[in-house]
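please find the sequence and the predicted model below.
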Amino acid sequence: MKRSTRGKVYLVGSGPGGEGLLSQRGRAVIDKAEVVLFDQLPGVEILASLPAGAEKIDCGKFGGKHNREQDEIEALMVDRAKKGKIVVRLKGGDPFLFGRGGEELGTVRAAGIPVEMVPGISSALAVPASVGIPLTHRKYASQVTILTGNEDPIKPEPALDWELLARSRGTIVILMGVANLAKIAAVLVKHGKSSNTKVAIIERGLRKDRRVTAGTLETIANAAKNAGVKPPAVIVIGDVVNLYDPALPDLIPYG
């Protein structure tokens with residue numbers, strides 16, 4: 001039977017790393033893709049498994065350098081789908097958590113193109129868990145705030161309410177925050193967060209070469225600098241970091 005010439009877009013979250021943490025639905029739609037627009041965060045294992053005959057378009061954004069700007073990515077998605085192609089927009093983690101999936105969804109829907117969301121496990125949840133840090137705990141935290149660290153916290157009118165965040169008794173998880181770590185720690189202390197609040201930075205969390213750098217709001221910036229911390233990394237701030245103990249047997253890394 002001849003396939004319809006009407007294309008479709010799938011916004012797919014690949015999870016925090018490795019094929020084993022990619023959903024079955026994600027695997028199924030990737031396998032039938034005719035065009036894949038991918039970021040770098042899905043990792044080499046998943047990227048190596050893309051269909052051989054698919055058009056593969058690198059849309060990675062890393063360290064402030066973009067292979068393609070967002071409007072170009074969205075235009076490519078619409079163009080290929082209008083040509084009747086099955087298009088997969090492949091992202092690390094989950095597309096709707098700081099992945100600009102909402103913008104891409106809006107553009108595709110406005111163009112009248114069928115679209116399906118395929119959620120993924122976010123690194124904000126999986127990476128702390130991979131080193132034994134639960135984001136909630138009956139003793140330490142009953143709420144979680146997840147935020148982007150891309151925004152400069154000392155700009156005149158920040159979008160984030162740092163005073164409110166400083167008063168929070170829950171866990172703060174920061175994605176994409178390595179570059180602004182020193183400023184973030186300083187602004188939280190400025191607004192009343194104890195300088196002794198525990199912090200952990202987990203680099204490459206679901207890989208065998210993952211690394212944890214721990215400290216407090218007072219010490220973490222220097223500790224990260226001395227350790228040469230680099231993205232991708234997840235930053236966890238709060239009392240739950242007390243549960244991280246490097247002296248305990250390591251949790252088994254995924255894969």
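Okay, I see it.

buried sites along the strand or helix carrying T107?
Element membership of T107, judged by DSSP states H and E, is helix 101-110. The neighbour-count check on helix 101-110 (16 or more other Cβ atoms under 10 Å) flags G101, E104, L105, T107, V108 as buried. Heads up, the C-betas are built off the backbone N, CA and C, glycines and all.

how far does stretch 233-253 sit from its chain's centre?
Stretch 233-253 sits 18 Å away from the centroid of its parent chain (Cα atoms, centre = their mean, to the nearest Å).

identify the residues contacting stretch 104-119?
For stretch 104-119, contacts defined as Cβ atoms under 8 Å, 6 or more residues apart in numbering pick out 6-13, 23, 25-26, 29, 73-74, 77-78, 81-82, 89, 94-96, 101.

any idea how far it is from the chain center?
20 Å.

so which of the contacts of stretch 104-119 are in strands?
Here DSSP state E is the test, and the contacts of stretch 104-119 give K8, V9, Y10, L11, V12, G13, R89 as lying in strands.

pLDDT and neighbour count added to those residues, as a markdown table?
Formatted as a markdown table, the ones in strands among the contacts of stretch 104-119 follow (pLDDT from 0 to 100; neighbours: other Cβ atoms under 10 Å):
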| residue | pLDDT | neighbour count |
| --- | --- | --- |
| K8 | 98 | 18 |
| V9 | 98 | 27 |
| Y10 | 98 | 23 |
| L11 | 98 | 27 |
| V12 | 98 | 30 |
| G13 | 96 | 27 |
| R89 | 98 | 30 |
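
returning to that earlier point: take the buried residues of helix 101-110 and lay them out in CSV including pLDDT.
Shown next, in CSV, are the buried residues of helix 101-110 (pLDDT from 0 to 100):
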residue, pLDDT
G101, 95
E104, 97
L105, 97
T107, 97
V108, 97
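
tell me the one of these nearest K183?
Distance to K183 across the buried residues of helix 101-110 (Cβ to Cβ) is lowest for G101, with 27.1 Å.

could you find the closest non-adjacent residue to that closest one?
Nearest residue to G101, sequence neighbours excluded (Cβ to Cβ, 6 or more residues apart in numbering): P95, at 3.0 Å.
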